[in-house]
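**Student:** Give the three-dimensional model of this entry:
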Amino acid sequence: MKKDFIQQFNIKHTTIDLENPLSIGNGDFAFTCDFTGLQGFYKKYTSIPLCSMTDKIWAGSTVSLPKPYQTFIKASNQQKIQYMSDTKSPYYKPYRDDFFKFDLFKLEFLHHQQPLEMNDIHFIYQELDLYEATIETLFEYKKEKVYVKTKIPQSHCNLQIHIQTEIKDLEIRLFFLTPSSSKEGGSTETDEYRIEKDKVVRKDKYTDYSLFFQTNMERKENRFQVEPNSILLLSLDQSFTDDTDMHIYFDKAKEIDTNDEELNRRLVLSLYLMKINTLGKYPPAETGLTCNSWYGKFHLEMHLWHHLGLIRMGLYEYVLPSLNWYLTIMESSKKRAFEQGYEGLRLPKMTDYRGLDTPSNIGCFLIWQMPHLLLLLNEIYQIKKEKELLIPFFPFVSEQMKFLESFFYKKNGKYHLDSPLIPANENVESNKDTPIFELGYILYAFELFKKWVELFQLPYSLTKINDILKNAVDLPIYDNAYEAYNGCQQTYSKYNYDHPMVIALSSFIQSPLVDQKIMNHTLDKVLSSWKIDECWGWDFPMMAMTAYHLGKKDKAIELLKYPAKKNTYTKIGHNAQLNRKDLPLYLPGNGAFILAITHIFENK
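**Tutor:** Sure, this is the predicted structure:
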């Protein structure tokens, strides 16, 4: 993408805007600031908090607690199976609340050793340069101008702050909050730290890390005296290296012009937000590194929405580090499958960098995250055509396929999916028979994996996969429309909210099992009967892709811009889930939007 195309969507503030704070980052470290370029007014930002957050440092304890197991009966063999889903257990919340990302530090201006007064701040001009990933802030405080430039290089985790001002007795104060898994990532201010020459050491019951600094300012404890030309560098990795690499990311992105200003704006801002929030060493959280959601953890079923579109945009090399992480959790994932009586390996759903299960009365029952890695890798191969990129993943993906094979069982001569199983549309009970999306998605993955086995001559027996593909139960249909699960007749009455997964098999994949006429009717029924305001941010791009692949491009574009609360894109590009205070941003929505654009405008 060209520089001019990107920079036309630079974000500019000329007044105090407490709903739209600006962020910079590199995928492993992000910083969100207020209208001064720092974070002194963080208590005023009640929607999107002002965090300094990384995926390289986590808080948590190593205390071993009894796991909140519940016992269920498997449909396949009537044997007992345990999941960490007992919400009444006293250990349920402590496990959910353990190991999380948090707010690393705060920075604020002091004048005469006191915080700035908002009423004394005037003539604000603040601009986020998307192409350069810098924030420039200019304001007057008590009639004196203050200029602040804030930046995080793309190659190293350091924050660079440059200040120009003639104001006297201005300081920067560095301070810390007690780590928390809350949206804000911290609670009350803490003095549990010490300063040693050029670093701050934090060690408490939650975390242990150091923050390194370089400056040309005089320091007194945690305060830095601002001079006319001041520099403060804060580093997580002892590197203070600078770079101008953000433009390389945009330069590598496929050029797509939708000829629709709003769609272009959402695309460019989504690409920026995905870069600074999600392209790190681990799969991203739903709110990235801007703030916490879901106890500061990430969700593997969202990984495809975050990154498949970026791969299709030509940005696969930025996605690879998070894919490599899967290889580190192979043994724990094999142990999970074994303990549950299945073969191969089973991925967690909601987790942290260790890849362990987080208790949930929904998440532990999901399996639709299982084919994602195969699809992401295959999309990369379609672009790069280098077997060497895939070789390290062959054993892992093979074990995933073994699990999915073993999750099918035969009933009346047809293969069904085992239960308990909660589908991607999480409003369906766990004992229902063979949800449509999981069935079609796994069969699609089997066909894709067969091609891998043949193309790369993998040592894998396809006997069971071929038998399942030949004898799997049909996609469920009732009244000429696809249904939520096998035997369901209430999809469009009882289950007509949450994710409309009945249309998903013609969205980011095009399943050969789908009948186009029936899918047309299914989409029409969804649009006429679904509680659209209860859909999530990625549902609208998913429906748009389905409409497009059914030959309805105008309807697809209409769905991308559908005026629903959870399809809102704010001034700073966030896909806000407006009826949820815990999700002022929702990056799976941004990622799915990018993916939809690569489908709908792929031939443009």
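
**Student:** what stretches of the stretch 1-150 of the chain score poorly on pLDDT?
**Tutor:** 62-63 (pLDDT under 70).

**Student:** The longest helix seen in the chain - what's its average pLDDT?
**Tutor:** For the chain, the longest helix by residue count, based on DSSP state H, is helix 436-456. Helix 436-456 shows a mean pLDDT of 98.

**Student:** Show me what counts as buried in the following helix or strand past that helix.
**Tutor:** Note on helix 436-456: by DSSP states H and E, the next helix or strand toward the C-terminus is helix 463-471. For helix 463-471, the neighbour count (16 or more other CB atoms under 10 Å) marks Lys464, Ile465, Ile468 as buried. C-beta: built from backbone N, CA, C; applies to glycine.

**Student:** how distant is helix 463-471 from the center of its chain?
**Tutor:** Distance of helix 463-471 from its chain centroid, counting by CA atoms, centre = their mean, to the nearest Å, is 34 Å.

**Student:** if we can go back for a sec, now the buried residues of helix 463-471 as CSV including distance to Phe213 and pLDDT?
**Tutor:** Below are the buried residues of helix 463-471 laid out as CSV (distance: CB to CB, whole Å; pLDDT from 0 to 100):
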residue, distance to Phe213, pLDDT
Lys464, 58, 98
Ile465, 56, 98
Ile468, 58, 98
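
**Student:** quick one, strands of the stretch 251-400 of the chain?
**Tutor:** Here the stretch 251-400 of the chain has its strands, by DSSP state E, counting those that start in this stretch, at 298-299, 350-351.

**Student:** I'd like the ones you listed as CSV, with mean pLDDT, mean neighbour count and distance to Phe394 appended.
**Tutor:** What follows is those, written out as CSV (pLDDT from 0 to 100; neighbours: other CB atoms under 10 Å; distance: least, CB to CB, whole Å):
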stretch, mean pLDDT, mean neighbour count, distance to Phe394
strand 298-299, 98, 24, 24
strand 350-351, 97, 22, 23
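
**Student:** for the buried residues of helix 463-471, which one is nearest Gln160?
**Tutor:** Ile465 (52.3 Å; CB to CB).

**Student:** Excluding covalently adjacent residues, which one is nearest to that closest one?
**Tutor:** Nearest in space to Ile465, with sequence neighbours left out and distances taken as CB to CB, 6 or more residues apart in numbering, is Phe446 at 4.9 Å.

**Student:** List the contacts of the one you found.
**Tutor:** Met401, Leu404, Ile465, Ile468, Leu469 (CB atoms under 8 Å, 6 or more residues apart in numbering).

**Student:** closest one to Ser493 among the strands of the stretch 251-400 of the chain?
**Tutor:** Here strand 298-299 is closest among the strands of the stretch 251-400 of the chain (CB to CB), at 28.7 Å.

**Student:** Dump stretch 491-501 to PDB, keeping only the CA atoms.
**Tutor:** Only the C-alpha atoms of stretch 491-501 are listed here, as PDB (Å, rounded to 0.1, in the frame of the first residue of the first chain):
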ATOM      1  CA  THR A 491     -32.400 -22.700  14.500                       C
ATOM      2  CA  TYR A 492     -34.400 -19.700  13.500                       C
ATOM      3  CA  SER A 493     -36.500 -19.400  16.600                       C
ATOM      4  CA  LYS A 494     -34.700 -20.800  19.700                       C
ATOM      5  CA  TYR A 495     -31.100 -20.300  18.500                       C
ATOM      6  CA  ASN A 496     -31.500 -17.200  16.300                       C
ATOM      7  CA  TYR A 497     -28.900 -15.100  18.100                       C
ATOM      8  CA  ASP A 498     -25.100 -15.300  18.700                       C
ATOM      9  CA  HIS A 499     -22.900 -16.300  15.700                       C
ATOM     10  CA  PRO A 500     -25.000 -17.400  12.700                       C
ATOM     11  CA  MET A 501     -22.700 -20.400  11.900                       C
END
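
**Student:** Now that stretch: buried residues?
**Tutor:** Neighbour-count burial for stretch 491-501 [16+ other CB under 10 Å]: Thr491, Tyr492, Tyr495, Asn496, Asp498, His499, Pro500, Met501.

**Student:** Return the member of the residues you listed nearest to Leu234.
**Tutor:** His499 (40.3 Å).

**Student:** Can you tell me the element the closest one falls in?
**Tutor:** Applying DSSP H and E, one finds His499 in no helix or strand.

**Student:** which residue sits closest to it in space, ignoring its chain neighbours?
**Tutor:** In space, and not counting its chain neighbours, His499 is closest to Asn425: 4.4 Å by CB to CB, 6+ apart.

**Student:** and if you look at Gly355?
**Tutor:** Per CB to CB, 6+ apart, closest to Gly355 is Ile329, 3.0 Å.

**Student:** before we move on, back to that, can you add distance to Asn216 and give the buried residues of helix 463-471 back as a markdown table?
**Tutor:** Output for the buried residues of helix 463-471, formatted as a markdown table (distance: CB to CB, whole Å):
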| residue | distance to Asn216 |
| --- | --- |
| Lys464 | 66 |
| Ile465 | 64 |
| Ile468 | 66 |
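
**Student:** Out of those residues, flag the one nearest to His372.
**Tutor:** Once CB to CB is applied, the member of the buried residues of helix 463-471 that ends up nearest His372 is Ile465, at 18.1 Å.
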